[in-house]
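>>> 3D model of this:
(2 chains, ligands or ions: 3)
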Amino acid sequence: MNITLKVWRQKGPNSLGKMETHPMSNVSEDMSFLEMMDVLNDKLIREGNEPIAFDHDCREGICGSCSMFINGEAHGPGRNVTTCQLHMRSFKDGETIHVEPWRSAAFPVIKDLAVDRSAFDRIIQSGGYVSVNTSGSTQDANAIPIPKHDADEAFDSATCIGCGACVATCKNSSAMLFVSAKVSQLSLLPQGKPEKKERVIRMVDQMDLEGFGNCTNTGACEVECPKGISITNIARMNREFLSSNLTSK
Amino acid sequence: MLDSKIPKGPLADKWSKHKNDINLVNPANKRLIDVIVVGTGLAGSSAAASLAELGYNVKSLCFQDSPRRAHSIAAQGGINAAKNYQNDGDSVYRLFYDTVKGGDYRSREANVYRLAEVSANIIDQCVAQGVPFAREYDGLLDNRSFGGVLVSRTFYAKGQTGQQLLLGAYSALSRQISKGKVNMLNRHEMMDIVKIDGKARGIIARNLITGEIERHSAHAVVLCTGGYGNVFYLSTNAMGSNVSAAWRAHKKGSFFANTSFTQIHPTCIPVSGHYQSKLTLMSESLRNDGRIWVPKNIEDVIAIREGKKRPTELSEEERDYYLERRYPAFGNLVPRDVASRAAKERCDAGFGVNKTGQAVYLDFSSAFFRYGKTEALTRGIKDASQAEILEMGRAVVKSKYGNLFDMYKQITAENPYETPMMIYPAVHYTMGGLWVDYNLMTTVPGLFAAGEANFSDHGANRLGASALMQGLADGYFVLPYTIGDYLSDDIRTGEISTDRPEFVEAEKNVKSQIAALINNKGDVPVDDFHRRLGLIMWNKCGMSRNEKALKEAIKEIQELRQEFYARVSIPGSSNDFNPELDKAMRVGDFLELGESMCLDALARDESCGGHFREEFQTEDGEALRDDLNYKFVSAWECKGVPSDAKLHKEDLVYENIELKQRSYK
Ligand SMILES: Cc1cc2nc3c(=O)[nH]c(=O)nc-3n(C[C@H](O)[C@H](O)[C@H](O)COP(=O)(O)OP(=O)(O)OC[C@H]3O[C@@H](n4cnc5c(N)ncnc54)[C@H](O)[C@@H]3O)c2cc1C
Ligand code: SF4
Ligand code: FES
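Numbers count the residues shown, from 1 in each chain, chains lettered A, B, ... in the order given. Ligands and ions are numbered 1, 2, ... in the order given. Coordinates of the predicted model:
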């Protein structure tokens, strides 16, 4: 198939960016989107030009590195997929494809399509953990049975890969889906319960500090989240935030 | 000369005794000691968090944009532990025995026993951190089976076990970062080790965003930099996985062990085109329920390849479940090396089922019916139709492996609930790595290696679900003790200045290597060389090896290396975010490693585990070990170019296990 790519190019965080057009022919439908980008980069390098910078690593939808805004959608068309899991068969012959980086004040562009998502790390550092030492002197893993339903629900929240698509897709650049997924995972499990109040307050404070916007319940994040993290997590976090604020003050 | 420092005494007491015997550093003094941990996978994150918790000042590096994205995140199937929750006869000894046998008797008894011993603790630790392992309806932890064993000891979190374990370790790490005990450097790549008076005292690193070259000093350096399967270009590893940190350490004096021991995983999605950038694993856990086969008759193979027949149309009699046929005791759950070679044997004989002839089926239809029938009975449906049973069975399978089935469909555009998966072996893991003693220290004092980066526990073949176990065992439970023994000599050393001439010199070397690459006016992209190297390795140092091919490969790699430095083209500058430059540095090291792997494979005139030399096989095509002459760990000392490396042998002593021909029949 033949396609036309319009790709965002930006030299650095403080430079102005622009779209660049690259026609591509003989693209195989079985190629992944990133493999198509590899082919383009190979061509650019052979012509003596700089290749397009983008983040990627596992190429199987689990590390959360890849992050392209394709034709107006975070991770492109299709639900429950990351950019690296997208295949060219999802596009039409002759199509023009727009590729841009995540756009959010909290995710500054590093170069071309690569952005800085370290704000997510700092949110986790503010409280996204159980304060248990790694000494190994913990009780037996089966000492506290956890109802399968709770464990499964915690797991579903825990599958967030920290990609930031939820932020990129939200008109307010809210990070609520990401934060609420971690808050939910830990508060659903008995091990996470003791710290649940301080945790939610600290994580939400850090989120605000990083410059993420407010949640206005549009639900756009849930649609674009590659892991299907549900906005019920946000509702749970809001409840916990409210009750924590009430009881801790 | 090589001293593995294995403690004396009975096997089961070695570790406890050693822990009692070694020197400790008192808490106040720990504050005076700096440790660098390179890598944030399971081994690195757990080590950095634990060392910081003990009180050391830790600096941690990873090349990804977040420690949570280390390659460990991609592990699917599970983690082993000798908990014996299933009461099926498991024990520390059995896990130890299975691992040594699975490794084809090429690993150290004492290390493996310690691994088995601390395994149970890992699960306790992870649960305490909030890792959401799969559970049964009674609320207790669930287990599954992996290849090469007869018990159910694998803990899992759907098909995303690595992710959940890494997020657990990452959360422990994050907690220490927030306390200021770990200084985390994301998007930083270690470029070299700095040695002072023979000891590792720091590293040279590159900030991958700005290109700046930095000096970092410490009293000890720990490499947790993962495996080097990407020397084959196509592998199941993440794109960035590389050997450079370990290789640089090797060039600074750390011996490299069992370099050629590579694990080729039997169940991966076959190659689809020349543009292919990586291969995707279909977890071994699928072999719990999937049956592997090819058609019995070559006519059916041809009809399938031409699209005239579908696999589902073949009757049971027309299928060759070759693993069940050849290995009735273990069937589809033979170890990986055995399963991979058996697939290659069938495909080489012409029975491969896709267009390229390099694929076999992994079929779930029996599992659908088996689970469906049980489900119908538990739900009290007595006269369920075949279609209903199938439907219920598919739902059960979906709950176990849903994400893997989705992944398969996403990549191949075929629905594995309706037609069998097509799979083929692919490079997956490297058992070889930096040689370490019982304390996980390399031959350079003060330089430690943990996780996949060391060679220590898996011999010539790793059992499934044991890499995660080893990474966390090393990081949470072994290093925190053993590193203290070494550092107890350093309480009066004080901070190490990065102005010392050794740092200046090392930095200068790194800068000149980078300059040479970036100023090279070549015309060929890095990936081109990487692909060509991968092909040589796969064809001549892959699933089966022979003397002639290995010798050819060595020559071809030497030539390719020369061509690389003459013709590689790296656009952009070195003071900038430049992924091509990052890649070029890594591929340069792969081009040396590849040759060393061939040399290692050539030096081992026997077959064992994943190392299959065609010249050394039994009549029925099984690996033929030579314990008399090759019961050793090969440990290579760098003497300049790979071909000058010197081989040292660490004899493996088996006091508790009787050496046997491995049999899974
Ligand atoms: C697809 C897949 C599935 C798997 N499934 C399983 C499974 O189910 N069970 C199991 O037991 N094992 C499994 N494995 C194997 C297992 O995942 C790995 O062996 C293990 O995770 C390795 O962990 P590690 O901590 O040693 O290294 P990694 O997780 O590879 O981490 C390496 C770290 O080092 C850093 N690094 C590397 N070089 C440098 C440098 N020069 N400078 C700075 N940082 C550097 C990286 O940034 C990264 O943080 C699987 C492997 C693959 C590929
Ligand atoms: S919630 Fe979804 S979209 Fe947001 S970071 Fe997590 S996985 Fe990505
Ligand atoms: S590259 Fe890892 S999720 Fe896409």
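>>> Stretch B:269-289 close to chain A?
Yes - among the residues of stretch B:269-289, B:Ser272, B:Gly273, B:Tyr275, B:Gln276, B:Ser277, B:Lys278, B:Thr280 lie within reach of chain A under C-beta under 8 Å from any C-beta of the partner chain. The way it works is simple: take the backbone N, C-alpha and C, and place the C-beta from them, glycine included.
>>> neighbours of the residue nearest to the last one when sequence neighbours are not counted, just the number please.
With C-beta to C-beta, 6 or more residues apart in numbering or on different chains as the criterion, B:Thr280 has its nearest non-adjacent residue at 4.7 Å, and that residue is B:Ile269. Burial of B:Ile269 is recorded as 21 neighbouring residues (other C-beta atoms under 10 Å in any protein chain shown).
>>> And the pLDDT at B:Ile269?
Looking at B:Ile269, its pLDDT is 96.
>>> Pull up the gap between whatever residue of the stretch 51-200 of chain B ends up closest to ligand 3 and B:Gln558, please.
As assessed by C-beta to the nearest ligand atom, ligand 3 sits closest to B:Arg69 within the stretch 51-200 of chain B, at 7.3 Å. Look at B:Arg69 and B:Gln558: by C-beta to C-beta, to the nearest Å, they are 35 Å apart.
>>> neighbour count winner among those two?
Remark: of B:Arg69 and B:Gln558, B:Arg69 carries more neighbours, 30 against 17, as counted by other C-beta under 10 Å.
>>> Quick check, that one in contact with A:Ile62.
No - when contacts are counted by C-beta atoms under 8 Å, B:Arg69 is not listed as touching A:Ile62 (9.1 Å).
>>> how close does the closest residue to A:Ile70 other than its chain neighbours get to B:Thr161?
Spatial nearest neighbour of A:Ile70, chain neighbours left out: A:Gly76 (3.4 Å); criterion: C-beta to C-beta, 6+ apart. Per C-beta to C-beta, A:Gly76 is found 28 Å from B:Thr161.
>>> By mean pLDDT, point me to the weakest helix or strand of chain A.
Every helix and strand in chain A was compared by mean pLDDT, DSSP states H and E; the lowest is helix A:232-248, with a mean of 90.
>>> As a check, name the ranges of all strands in the stretch 51-200 of chain B.
B:57-61, B:79-80, B:154-155, B:182-185, B:188-196, B:199-207 (DSSP state E, counting those that start in this stretch).
>>> Quick check: which of those is buried the most?
Sort these by mean neighbour count, taking mean count of other C-beta atoms under 10 Å in any protein chain shown, and strand B:79-80 sits at the top with a mean of 30.
>>> List the strands paired with it, with their directions.
strand B:154-155 (antiparallel) (DSSP bridges).
>>> Can the strand it pairs with be said to contact ligand 1?
No - Strand B:154-155 lies out of reach of ligand 1 by C-beta under 6 Å from any ligand atom, never closer than 8.1 Å.
>>> who's in contact with that strand?
B:77-81, B:83, B:123, B:133-134, B:141-146, B:161, B:285, B:464-465 (C-beta atoms under 8 Å, 6 or more residues apart in numbering or on different chains).
>>> Now do the contacts for residue 54.
Since you didn't name a chain, this refers to chain A. A:Phe54 makes contacts with A:Leu34, A:Met37, A:Cys66, A:Ser67, A:Met68, A:Asp112, A:Leu113, A:Ala114, as judged by C-beta under 8 Å, 6+ apart.
>>> wrong one, I was asking about chain B
Contact partners of B:Leu54, counting by C-beta under 8 Å, 6+ apart, are B:Pro27, B:Lys30, B:Pro480, B:Gly484.
>>> could you redo the last one with a cut-off of 6 Å?
Applying C-beta atoms under 6 Å, 6 or more residues apart in numbering or on different chains to B:Leu54 gives the contacts B:Lys30, B:Pro480.
>>> That one and B:Val25: what is the separation?
8 Å.
>>> quick one on the thing from earlier: top of the contacts of A:Phe54 by neighbour count?
That'd be A:Met68 among the contacts of A:Phe54, by other C-beta under 10 Å, with 30 neighbours.
>>> Residue numbers of chain A in contact with ligand 3?
A:56-59, A:61-66, A:82-84.
>>> What segments of chain A are helices?
A:33-46, A:118-125, A:148-158, A:165-169, A:176-188, A:196-209, A:220-224, A:232-248 (DSSP state H).
>>> would you list those helices in CSV and tack on distance to ligand 2?
CSV is the format used below for those (distance: least, C-beta to the nearest ligand atom, whole Å):
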stretch, distance to ligand 2
helix A:33-46, 17
helix A:118-125, 7
helix A:148-158, 9
helix A:165-169, 3
helix A:176-188, 4
helix A:196-209, 12
helix A:220-224, 6
helix A:232-248, 8
